[in-house]
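Enquirer: only geometry, no sequence info:
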């Protein structure tokens with residue numbers, strides 16, 4: 001791979017259907033997204049990750065796919081998608097799409113053929129049981145709303161397995177024909193010009209589907225997919241969604257001759273949960289602990305960091321006491337919680353709209369080891385609509401202006417309701433107003449994302465936690481061949497002073513790169529002041 005572009009990228013996550021409507025039908029589309037590429041380029045992101053764009057009944061936000069080789073007509077045509085790739089390329093933006101191949105919609109032609117007859121060539125493309133499965137009530141991902149992981153199909157005369165909703169039957173990814181089809185799907189989109197995939201539900205994708213061997217994982221299938229990407233497009237990447245135990249993490253990356261041989265990027269769920277706990281407690285210790293415990297990655301492997309994504313805040317790997325602390329701070333009302341393990345809110349309302357804490361939290365994310373992923377609308381501090389079901393609460397249309405339709409549409413209605421009441425309503429939180437305010441969150445995001453692109457140490461360097469300052473202050477250092485940087489974040493509300501020992505190789509005078517306030521031009525590592533919820537990025541050394 002000539003260029004490891006993903007290691008110094010900033011990824012912007014969006015749903016086409018909620019980003020921009022171009023034809024006033026209340027549903028976002030590809031021409032609408034194209035019209036907003038200049039905004040995204042100015043923001044400072046370098047890659048766009050699109051939630052599923054394929055034809056779908058959209059009972060699960062498009063993750064119930066009926067054709068992996070097409071574009072949903074509501075989004076536009078395949079020609080529109082090609083134009084998106086062209087226009088994104090003109091602006092130096094890469095496009096990544098969701099690879100949703102753990103399951104399909106029950107309306108998919110494959111499943112309809114499979115259920116039609118035991119002799120159908122597609123029968124073994126799904127997972128069936130003639131008898132009621134012993135694990136019928138185990139393994140469901142959404143136990144609050146879908147407690148079963150198997151459902152009976154009258155037409156098929158058999159039980160079919162579904163980790164997610166019953167209208168999303170699991171593909172039998174142990175079947176060589178299914179694996180070949182998945183590789184074909186990936187190759188198709190790579191040939192069109194995408195730069196990679198976010199691999200949905202990676203642990204379930206690689207489960208061994210052989211009867212009696214459920215829940216075992218075949219990591220070599222990830223190697224097969226990686227080989228497909230490498231042959232088709234040398235710099236393409238897979239970003240896997242895998243919220244798994246620490247002892248499994250390295251299996252997803254794989255290793256051959258010291259380099260990652262399977263997945264190149266993995267969402268840092270463990271780190272995300274530690275950050276949420278630290279923010280809730282105003283104590284940096286959970287982050288310190290995880291940064292010290294994260295495994296050393298093989299060469300070219302990368303974490304993807306995030307604060308909020310398109311799903312709930314998943315707290316499943318915290319202890320019960322830790323989870324309750326986060327619930328108490330950020331989701332005390334049961335209506336704010338989901339699946340007994342998560343919070344269905346955006347970050348701005350979770351932090352009570354406090355601009356100091358919001359900026360500190362995103363600065364913290366942007367300095368963590370890895371590549372940052374930002375959810376659409378978070379750059380302006382959008383809120384949620386808790387009257388909407390499940391995760392739809394955080395999937396409301398982008399708020400471009402305070403006009404009727406929020407600048408998202410000129411039509412009379414939207415597929416998903418706009419937020420029209422409360423402190424996060426469209427007339428109070430929108431791009432147009434924040435563009436006019438040099439001190440707005442949006443303008444801060446633009447500055448910090450452009451600064452991030454100048455700090456290669458974050459994405460490619462070695463991160464070391466330093467024992468300095470009070471417990472509510474995180475101090476860490478990132479070192480790479482390009483130089484060294486120091487980062488300080490105060491998770492508490494009171495100002496403080498921190499002392500950091502200079503490193504032996506510290507020859508250049510330290511230089512302030514960015515901060516929450518003006519701390520003066522001189523940098524004294526023995527007496528570094530921090531405001532409440534303050535942060536500082538300091539360059540220690542730049543190597544030629």
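Expert: Arrived safely. This one's a predicted model, so the numbers in the text were calculated from it and none came from an experiment. Residues are numbered from 1 along each chain as shown.
Enquirer: okay, CA-based contacts and neighbour counts for the rest of this
Expert: Noted.
Enquirer: on contacts alone, who are the packing partners of the helix ranked longest in the chain?
Expert: Using DSSP state H to define each element, the chain has its longest helix at helix 176-192. Helix 176-192 sits against helix 220-232, with contacts defined as 3 or more C-alpha pairs under 8 Å, 6 or more residues apart in numbering; DSSP states H and E.
Enquirer: Mind checking what helix or strand follows the helix it packs on in sequence?
Expert: Going down the chain from helix 220-232, the next helix or strand is strand 237-240, by DSSP states H and E.
Enquirer: which of the residues in the longest helix of the chain are buried?
Expert: 178, 179, 182, 183, 186, 187, 189, 190 (16 or more other C-alpha atoms under 10 Å).
Enquirer: The last one against residue 184, yeah?
Expert: No. At 9.9 Å, residue 190 and residue 184 do not qualify as touching, with contact defined as C-alpha atoms under 8 Å.
Enquirer: Report the rounded mean pLDDT for stretch 23-39.
Expert: Here stretch 23-39 scores 97 as its mean pLDDT.
Enquirer: for it, how far is the first residue from the last?
Expert: One end of stretch 23-39 to the other measures 19 Å (C-alpha to C-alpha, to the nearest Å).
Enquirer: from the middle of its chain, how far away would it be?
Expert: Centroid separation for stretch 23-39 versus its chain: 21 Å, with C-alpha atoms, centre = their mean, to the nearest Å.
Enquirer: buried set for that stretch?
Expert: Neighbour counts using 16+ other C-alpha under 10 Å place 24, 25, 26, 27, 28, 29, 30, 31, 32, 33, 34, 37 of stretch 23-39 among the buried residues.
Enquirer: contacting residues around the fifth one?
Expert: Taking C-alpha atoms under 8 Å, 6 or more residues apart in numbering, we find residue 28 in contact with 16, 17, 18, 19, 20, 21, 22, 74, 75, 408.
Enquirer: same question, the fourth one
Expert: The contact partners of residue 27, by C-alpha under 8 Å, 6+ apart, come to 17, 18, 20, 21, 74, 75, 414, 415.
Enquirer: Same check on the third one?
Expert: Neighbour list for residue 26: 409, 411, 412, 413, 414, 415 [criterion: C-alpha under 8 Å, 6+ apart].
Enquirer: how near is it to residue 96?
Expert: For residue 26, the distance to residue 96 - C-alpha to C-alpha - is 24 Å.
Enquirer: ok, now the fourth one?
Expert: Taken as C-alpha to C-alpha, the spacing of residue 27 relative to residue 96 amounts to 21 Å.
Enquirer: In the contacts of residue 27, find the pair that's most separated.
Expert: Using C-alpha to C-alpha, the contacts of residue 27 reach their maximum pairwise distance at 75 and 414, which is 14.1 Å.
Enquirer: can you give me the strands for the stretch 101-250 of the chain?
Expert: Along the stretch 101-250 of the chain, counting by DSSP state E, counting those that start in this stretch, strands occupy 128-129, 150-153, 158-161, 196-199, 237-240.
Enquirer: tell me the centre residue of the protein?
Expert: For the chain, the residue nearest the mean C-alpha position is residue 309 (4.8 Å; C-alpha atoms, centre = their mean).
Enquirer: I'd say it and residue 375 touch.
Expert: Yes. With contact defined as C-alpha under 8 Å, residue 309 reaches residue 375; the gap is 5.7 Å.
Enquirer: shared neighbours of these two, which are they?
Expert: Shared contacts of residue 309 and residue 375, counting by C-alpha under 8 Å, 6+ apart, come down to residue 13.
Enquirer: rewinding a little: the contacts of residue 26, buried ones only, as a ChimeraX selection?
Expert: This is the ChimeraX syntax for the buried subset of those, where burial follows 16+ other C-alpha under 10 Å:
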select :409,411,414
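Enquirer: which SS class is the residue lying closest to residue 220 once chain neighbours are set aside?
Expert: Spatial nearest neighbour of residue 220, chain neighbours left out: residue 262 (7.7 Å); criterion: C-alpha to C-alpha, 6 or more residues apart in numbering. When classified by DSSP: H, G, I helix; E, B strand; the rest coil, residue 262 comes out as coil.
Enquirer: wait, doesn't residue 262 sit right on residue 256?
Expert: No. Proximity of residue 262 to residue 256 does not meet the contact threshold set by C-alpha under 8 Å, at 9.2 Å.
Enquirer: Of those two, which one has the most company?
Expert: residue 262 (25 against 11; other C-alpha atoms under 10 Å).
Enquirer: ok so, going back, how about the contacts made by the residue nearest to the centre of the chain?
Expert: Contact partners of residue 309, counting by C-alpha under 8 Å, 6+ apart, are 13, 374, 375.
Enquirer: For the first one, identify the helix or strand it belongs to.
Expert: Remark: residue 13 resides in strand 11-14, with elements defined by DSSP H and E.
Enquirer: can you check the second one too?
Expert: With elements taken from DSSP H and E, the one containing residue 374 is strand 371-375.
Enquirer: any idea where the helices of the stretch 1-150 of the chain begin and end?
Expert: According to DSSP state H, counting those that start in this stretch, the stretch 1-150 of the chain carries its helices in the segments 30-35, 37-43, 78-90, 109-116.
Enquirer: pLDDT below threshold where in the chain?
Expert: Within the chain, the ranges that satisfy pLDDT under 70 run 1-3, 211-215, 502-507, 544.
Enquirer: Would you map out the domains in it?
Expert: 1-100+372-453, 109-161, 462-542 (automatic domain parsing).
Enquirer: of those domains, which approaches residue 280 most closely?
Expert: Taking those one by one with C-alpha to C-alpha, domain 462-542 is closest: 9.2 Å.
Enquirer: Now do the end-to-end distance for that closest one.
Expert: 15 Å.
Enquirer: Run the chain-centre distance for it.
Expert: Worked out by C-alpha atoms, centre = their mean, domain 462-542 lies 27 Å from the chain centre.
Enquirer: Tell me who's in contact with residue 146.
Expert: Residues near residue 146 by C-alpha under 8 Å, 6+ apart: 140, 164, 165, 166.
Enquirer: and residue 129, how many residues sit next to it?
Expert: Residue 129, neighbours per other C-alpha under 10 Å, totals 15.
Enquirer: Correction: the previous question concerned residue 447.
Expert: Using other C-alpha under 10 Å, the number of residues around residue 447 comes to 15.
Enquirer: Check residue 247 too.
Expert: Residues within reach of residue 247, counting by other C-alpha under 10 Å, total 8.
Enquirer: And for residue 382?
Expert: Residue 382: 26 surrounding residues under other C-alpha under 10 Å.
Enquirer: all strands for the stretch 401-544 of the chain, in order.
Expert: With DSSP E, counting those that start in this stretch as the criterion, the stretch 401-544 of the chain has strands spanning 462-465, 473-480, 483-490, 496-498, 511-515, 528-530, 535-542.
Enquirer: Of those, flag the one that's most buried.
Expert: strand 483-490 (a mean of 25; mean count of other C-alpha atoms under 10 Å).
Enquirer: Neighbouring strands of that strand in the sheet, and parallel or not?
Expert: Strand 483-490 has the following strand partners under DSSP bridges: strand 473-480 (antiparallel), strand 535-542 (antiparallel).
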